[in-house]
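Peer 1: With the input below, show me the fold.
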Amino acid sequence: MSTMFARFSRWFHRQMPTHAQLEANRLTAPFTRRPELFRFTRRSVPRGVAVGLLVGIFALIPGVQIVGAALLCVPWRGNIPIAAAMTFLSNPATTPFILAAAIWVGNRLGFHADLSTFYALYESGAGPRAWGYWLLSDAAPALVIGLLVISTVAAAIGYVLALWFWRTWIGRKHRARLARSSRPPDFVP
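Peer 2: Below is the predicted model of the structure:
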């Protein structure tokens, strides 16, 4: 398990852009003046996870998600790369499930959205106009409230899990370091 995590960690660090690459991009250059937004610390990583889940699930518009997560990380001092990665939780494969769950939650909270109409529009491959008419009906409040509840709960759970994972990972590294230092050195004649 730890070898798989170590491999994934090395791959992830190789894929991350360098500071010079971020400074060269006109969109990310203003953020490079605040290096704490790109450091992996015990405070910034859980914040980045929470921001990424909040924006990624609530926004559901691919271009808006990453930009929104990056902008929201600035005041919350979250890790921007982690937040951007967490927005990919909502992708074309998971979006229909997120929308259906949001409508269900919105209906449970007293709003009314017809799930059969949602499924019919989805199955028929309806265009933006048909989706717009559906959203302008009673479905919009149920969908928005449902997305807000789901994204807030997911962000809170993600924050707690990232915090727990970080403490476990650092604790394991600390115990391994103590075990290495308490070992007597190998005797070489």
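
Peer 1: quick one: buried residues of stretch 164-171?
Peer 2: Neighbour-count burial for stretch 164-171 flags Trp166 (criterion: 16 or more other CB atoms under 10 Å). Yep, even glycine has a C-beta here, placed from its N, CA and C like the rest.

Peer 1: just how off-centre is stretch 161-177 within its chain?
Peer 2: Here stretch 161-177 shows a centroid-to-chain-centroid distance of 20 Å under the convention CA atoms, centre = their mean, to the nearest Å.

Peer 1: no no, stretch 128-138
Peer 2: 28 Å.

Peer 1: Could you pull out the buried residues of that stretch?
Peer 2: Buried, per 16+ other CB under 10 Å, within stretch 128-138: Trp134.

Peer 1: Residues touching that stretch, excluding its own?
Peer 2: Phe111, His112, Ala113, Asp114, Thr117, Phe118, Leu121, Ala126, Leu143 (CB atoms under 8 Å, 6 or more residues apart in numbering).

Peer 1: Need the nearest residue in space to the fifth one, chain neighbours excluded.
Peer 2: Using CB to CB, 6 or more residues apart in numbering and skipping residues adjacent in sequence, the residue nearest Thr117 is Trp134, 6.1 Å away.

Peer 1: Which strand or helix spans the one you found?
Peer 2: Taking DSSP states H and E as the definition, Trp134 sits inside helix 128-134.

Peer 1: got the CA positions of that helix in PDB?
Peer 2: Extracted in PDB, the C-alpha atoms of helix 128-134 (Å, rounded to 0.1, in the frame of the first residue of the first chain):
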ATOM      1  CA  PRO A 128     -29.700  23.900 -23.800                       C
ATOM      2  CA  ARG A 129     -33.100  25.400 -24.600                       C
ATOM      3  CA  ALA A 130     -35.000  22.500 -23.200                       C
ATOM      4  CA  TRP A 131     -32.800  22.400 -20.100                       C
ATOM      5  CA  GLY A 132     -33.300  26.100 -19.700                       C
ATOM      6  CA  TYR A 133     -37.100  25.700 -19.700                       C
ATOM      7  CA  TRP A 134     -36.800  22.900 -17.200                       C
END
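
Peer 1: what is the mean pLDDT for it?
Peer 2: Regarding helix 128-134, the rounded mean pLDDT is 85.

Peer 1: returning to what we had before: can I have the buried ones of the contacts of stretch 128-138 as a PyMOL selection?
Peer 2: The buried subset of those, as determined by 16+ other CB under 10 Å, is captured in PyMOL by this line:
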select buried, resi 111+113+117+118+126+143
